[in-house]
Structure formats: C-alpha cells, structure tokens
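A.B. asks: just coords:
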C-alpha cells in the first residue's frame, strides 16, 4: 500500500513539477529578452556595441571582423529606417568593408563628407577641418538601403569609418 502511494506521488510530482519548472525557466528567459529589447528601443544616441547580425544584413553593413570601437544607433519611422555606424579598422579592413557594401576605395572622394547635417546632429559626429576626409554615397535600387560613407583617412593604416545606411520600406 505504501509502495503504491509512493509511486502515485512520484508520478504526480513528475507530471506537474517538470512542466511547472519549464514554465518558470521560460518566463525568466522571455522577461530578460523583453528587457534587452526595451533597453535597445529606449537608447538615445550611439551604443558601444556591435549591431546584431540581422541589423547588419538589413542595412547591408559588413563590419570587418577586426573592427574596434564599434558604435551604432538605429532609428525607425514610417518614412525610413536608418542605421548609424562608426568603427575603426585597418586599411585592408576598409577595403573589405567597401567591397562588401558594393563599392571600392576608388569611389571615395578626397575632402568629401557625405553624411548630412541632420545625421550629424542625431549622432553628435563632427566633421571639421584639419582632418583628411573621404566620402561616397553608395545607392542601391529600392528597397535596398543607400549608404553614406565618410572615412577619416588621417591615419591611413587605421581609418575611422562613419556610415549612415537608410532603407525606405
């Protein structure tokens, strides 16, 4: 009799305890995921982190693996979605980035800053004199994004890349 009750109790604990434990773990993961998304949505200005792989694919921004000081900021509205991206890389990394976007170093115009005033106000970037700037705008057919690329070439071995990638739905 005691043995039968023990088996019944064990079965009940297993049938209720395992799903209940799963629900507790799942709820905790879901809550953390929501908090991460909420923090990202509430972000104002550049974040010191890599954009997610999906964000890089959507905005067609192939950040080189050796990039340092990566910062990004994404904005979305009914008219357009924009990804602001800044990173430092090597000369070869710059070439890889430009070819991944679909352009090349030859497209960079010396002395040109291709990022507009509106975008510099949003990011806080300053493109002043005394720096070797080079820029280009890479246009794609809609709905693919257009990239405004400006590069600080003062140190050609370690250029700093500034990009605004805009996609219109």
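C.D. replies: Received it, and whenever you're ready, just let me know what you need. Note that the structure is predicted; figures quoted are calculated from it, not measured.
A.B. asks: use CA for all of it now, contacts and neighbours both
C.D. replies: Will do.
A.B. asks: what's the next secondary structure element after the one helix or strand residue 23 maps to?
C.D. replies: According to DSSP states H and E, residue 23 maps onto helix 2-42. As assigned by DSSP H and E, the chain's next helix or strand after helix 2-42 is helix 53-58.
A.B. asks: can you tell me which residues contact the residue positioned nearest the centre of the chain?
C.D. replies: Centroid-nearest residue in the chain: residue 51, 2.0 Å away (criterion: C-alpha atoms, centre = their mean). Counting by C-alpha atoms under 8 Å, 6 or more residues apart in numbering, residue 51 touches residue 72.
A.B. asks: got the phi/psi numbers for it?
C.D. replies: Backbone torsions for residue 51, taken as degrees, to the nearest 10, come to phi -70, psi 150.
A.B. asks: for residue 52, same thing?
C.D. replies: Torsion angles at residue 52 (phi, psi; degrees, to the nearest 10) stand at phi -60, psi 160.
A.B. asks: Any figure for the gap between it and residue 153?
C.D. replies: 27 Å (C-alpha to C-alpha, to the nearest Å).
A.B. asks: More neighbours: those two, which one.
C.D. replies: residue 153 (18 against 8; other C-alpha atoms under 10 Å).
A.B. asks: domain assignment for the protein?
C.D. replies: Here the domain parsing of the chain from automatic domain parsing is 1-42, 53-167.
A.B. asks: can you give me how far the helix or strand where residue 166 lies is from the chain middle?
C.D. replies: Assessed by DSSP H and E, residue 166 sits inside strand 160-167. Mean-position distance between strand 160-167 and its chain equals 11 Å (C-alpha atoms, centre = their mean, to the nearest Å).
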